[in-house]
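J.: Dropping the sequence and predicted coords here.
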Amino acid sequence: MSQLFTMAITYLGTTLIVGGTGMLASATRWLVDRSERTVVASRRANQFTCDDARFVPVSADWKHPSFVSLVGEAIKEVGPIQQALLWLHDPEVIIPSLLPLLGTARVVLVLGSRQAQPAIPLDAARFTIVRLASVTTSSGRRWLTHDEISEGVIAALQDGHSRIIGDIAGLQ
Ligand SMILES: NC(=O)c1ccc[n+]([C@@H]2O[C@H](COP(=O)([O-])OP(=O)(O)OC[C@H]3O[C@@H](n4cnc5c(N)ncnc54)[C@H](OP(=O)(O)O)[C@@H]3O)[C@@H](O)[C@H]2O)c1
């Protein structure tokens, strides 16, 4: 691989990830590999296995009032966020408090099959929505694997297009 190509895919600036240490672990590592610094916030972010000096864990609970200030302190250290990946159990509650920290960052928001799109204005030019569905097989339906979820999220991070991962029909 040429050095130029390596440089082109390894520099994404500064990234914020919330809720990326479970099913999105592969997408989180993909972003850490390509970002100048990546702030990763979850309750046990400091236990996430990531041997990379550019990984900045913030162990914080989004149900706790200190969540936004703890994430904000980390962002002050690393500089303005250029992209964010958000997987939140209650996006309508958490996103408004995160918006001031996001500035003009591009945001990929992951929504579960039954999660409604948050009833808050999301700038369509900045927000890419990734909806999780399920997979139809010859023996019925199955849920997405973690690899399928991370692959779809990485595709959305790359092209900025909202998408459904899997087949939503029958889930609505
Ligand atoms: N097809 C679908 O629609 C769909 C939708 C949802 C889930 N699923 C499946 O269900 C499984 C479990 O889903 P899951 O929601 O448990 O996802 P998960 O991605 O495995 O874990 C949730 C993520 O959010 C963080 N988190 C949870 N509560 C938090 C809090 N209060 N404050 C801060 N961070 C918090 C967790 O880290 P910490 O534990 O460190 O806080 C983790 O990073 C997954 O394996 C997935 O395959 C499928």
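T.: Received it, and whenever you're ready, just let me know what you need.

J.: Tell me which stretches of this structure form strands.
T.: 14-18, 37-42, 55-59, 83-87, 106-111, 127-132, 134-137, 140-143, 163-165 (DSSP state E).

J.: List the contacts of the residue of the chain at minimum distance from the ligand.
T.: The ligand sits closest to Gly22 of the chain, with a gap of 2.2 Å, by C-beta to the nearest ligand atom. (C-beta placed from N, C-alpha, C; glycine too.) The contact partners of Gly22, by C-beta atoms under 8 Å, 6 or more residues apart in numbering, come to 42, 87.

J.: who in this protein is up against the ligand?
T.: 19-24, 42-45, 61-63, 87, 112-113, 132, 134, 143-144, 146 (C-beta under 6 Å from any ligand atom).

J.: Sort out which of those residues are buried, if you could.
T.: Among those, those classed as buried by 16 or more other C-beta atoms under 10 Å are 19-21, 23-24, 42, 45, 62, 87, 113, 132, 134, 144.

J.: Quick check: the farthest pair among those residues?
T.: Ala45 and Ser134 (28.4 Å; C-beta to C-beta).

J.: Going by length in residues, pull out the top helix of this protein.
T.: The single longest helix within the chain, with elements called by DSSP state H, is helix 146-159.

J.: what's the distance between that one and the middle of its chain?
T.: Its chain's average C-alpha position is 10 Å from that of helix 146-159, according to C-alpha atoms, centre = their mean, to the nearest Å.
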